[in-house]
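*Asks:* sharing a sequence plus its predicted fold:
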Amino acid sequence: MKQIKKTIVSRIKLILVVFLFVGAVNIADSQRLSAQDGVYQFKASGGNSKTSGKIEKISPDGVTIAGKLVPASKIDRVSFSREPSDINRARDQMETGRYSDAIESLGKIDATKVTPQMKAEVDFIRAFSMAQNSLRGGGTTPQEAGGVVATFISEHPTSWHLYPAIEQLGKLYFAIDRTDLAMGQFAKLSQSSWPKYQLNGTLQLGMLTMDNAADANAAFDTILNNNSNDDVTQLYKLLAKCEKARVAGMGGDAAGGLSELNKMIATENSDNKLLFAHLYNALGAVHQKNSNWKEARTAYLHTDLLFATEAELHAEALFHLSKIWAQLDETDRAATARDTLKSRYRNSYWAGKL
């Protein structure tokens, strides 16, 4: 009986030793993996996949990790070996639109634990969050945010975040009515190897030159003549088609422009909020140009009531509604539109035009 007990005890000890050894190996493996850099790449089916290893090179075109170049356009996020947890926290907050929280989290980071690569990430999170805080009517002025974004671009010209930063700087310049400087940034954007930013830069150049139909249409035609058929390109082709109809409608062919815009409204999917905010603002602009006040009001109200999540386009609609309501002797509604614009988008170009 004693021998049996000894055997059982010995086996239990052996099992415990094996369990502890396996646990130690798993912990070591976990620590080894967490000490690696990581590039998270978008998957066509949704979500992302992670490539782990050492980041060898970072450029505006992408990130090279473990001998593999991941194009910037396919990157969801990048993490660094042993990065302070507050960097990841701030990154998450930025990506979920909690810009003030992201800035606060960055202030908790111990600078002595930040590598040059981490500093570029920290500086981008701060620059982007300040830009968005300003553009969305927060306490940061466009001038303050613009200074931080411009410094990021100057200090980190090889960052994979370069083109998103250039886009933000262009928007901030537009917000303070420096169209000349905004166009300079969007021109840089239009040369990007990142299709989304290349197309948006070209679209913005077209929209900022609408007073010159030839220049605007040249930009929109560049998009329409793009041979790619991916979802991003198809979206920008629709936006370019919409804005080209606006140019036609405001340039003497009101009937043609309105016909094209109404056709798109009837046939495209209204779940595409960005496109439909563009469509109704364009429709409102053409009617407004031709003194069709009630039709213009109705068009802009669609953006106000249905597509207000598109902040820049909503601000534009509110500005024009404040003028149109006054034209229709609806002074209370004109005041409401002005107040909403000033409170929600106080740092915007459109609020500055009131």
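*Replies:* Cool, got the structure.
*Asks:* and the residue nearest to Gly206 when sequence neighbours are not counted, what does it touch?
*Replies:* Nearest residue to Gly206, sequence neighbours excluded (C-beta to C-beta, 6 or more residues apart in numbering): Ala219, at 3.2 Å. C-beta: built from backbone N, CA, C; applies to glycine. Counting by C-beta atoms under 8 Å, 6 or more residues apart in numbering, Ala219 makes contact with 202-203, 205-206, 209, 240.
*Asks:* how about the residues you listed, which pair is most distant?
*Replies:* Maximum pairwise distance among those (C-beta to C-beta): 13.2 Å, between Thr209 and Ala240.
*Asks:* neighbour-wise, which of the two wins?
*Replies:* Per other C-beta atoms under 10 Å, whichever of Thr209 and Ala240 has more neighbours is Ala240, with 26 against 18.
*Asks:* isn't that one up against Met207?
*Replies:* No: between Ala240 and Met207 there is no contact under C-beta atoms under 8 Å: 9.8 Å.
*Asks:* using the three-state scheme, assign Tyr40.
*Replies:* Assigned with DSSP: H, G, I helix; E, B strand; the rest coil, Tyr40 falls in the strand class.
*Asks:* and it, how close does it get to Leu181?
*Replies:* Per C-beta to C-beta, to the nearest Å, Tyr40 is found 34 Å from Leu181.
*Asks:* check Ser154 too.
*Replies:* According to C-beta to C-beta, Ser154 and Leu181 sit 15 Å apart.
*Asks:* tell me which of the two has more neighbours.
*Replies:* Leu181 (16 against 8).
*Asks:* look up the closest residue to that one, ignoring the ones flanking it.
*Replies:* Nearest to Leu181 is Tyr173, by C-beta to C-beta, 6+ apart, at 4.1 Å.
*Asks:* list the contacts for the one you found?
*Replies:* Tyr173 touches 146, 179, 181-182, 185, counting by C-beta under 8 Å, 6+ apart.
*Asks:* quick one: residues in contact with the helix or strand hosting Lys263.
*Replies:* Per DSSP states H and E, Lys263 falls inside helix 254-267. Contacts of helix 254-267 with the rest of the structure, by C-beta under 8 Å, 6+ apart, involve 238, 241-242, 245-250, 276, 279-280, 282-283, 286-287, 289-290.
*Asks:* show me those that map onto helices.
*Replies:* With DSSP state H as the criterion, helices contain 238, 241-242, 245-250, 276, 279-280, 282-283, 286-287, 289 from among the contacts of helix 254-267.
*Asks:* for the protein, what spans make up the strands?
*Replies:* With DSSP state E, the ranges of strands along the chain come out as 37-42, 48-53, 55-59, 62-65, 68-71, 75-79.
*Asks:* and the fifth one, which residues are buried?
*Replies:* Neighbour-count burial for strand 68-71 flags Val70 (criterion: 16 or more other C-beta atoms under 10 Å).
*Asks:* for it, give the mean pLDDT please.
*Replies:* Mean per-residue pLDDT for strand 68-71: 93.
*Asks:* distance from it to the middle of the chain?
*Replies:* Averaging C-alpha positions (C-alpha atoms, centre = their mean, to the nearest Å) puts strand 68-71 21 Å from its chain's average.
*Asks:* what strands flank it, and is each parallel or antiparallel?
*Replies:* Sheet pairing for strand 68-71, assigned by DSSP bridges, gives strand 62-65 (antiparallel).
*Asks:* export the partner strand to PDB, keeping only CA atoms.
*Replies:* Once non-C-alpha atoms are left out, strand 62-65 reads as follows in PDB (Å, rounded to 0.1, in the frame of the first residue of the first chain):
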ATOM      1  CA  GLY A  62       4.900  51.000 -47.100                       C
ATOM      2  CA  VAL A  63       6.600  49.000 -44.300                       C
ATOM      3  CA  THR A  64       9.200  46.300 -44.800                       C
ATOM      4  CA  ILE A  65       9.000  43.600 -42.100                       C
END
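*Asks:* which residues sit against it?
*Replies:* Strand 62-65 has contacts (C-beta under 8 Å, 6+ apart) with 37-39, 51-58, 69-72, 74-75, 78, 160.
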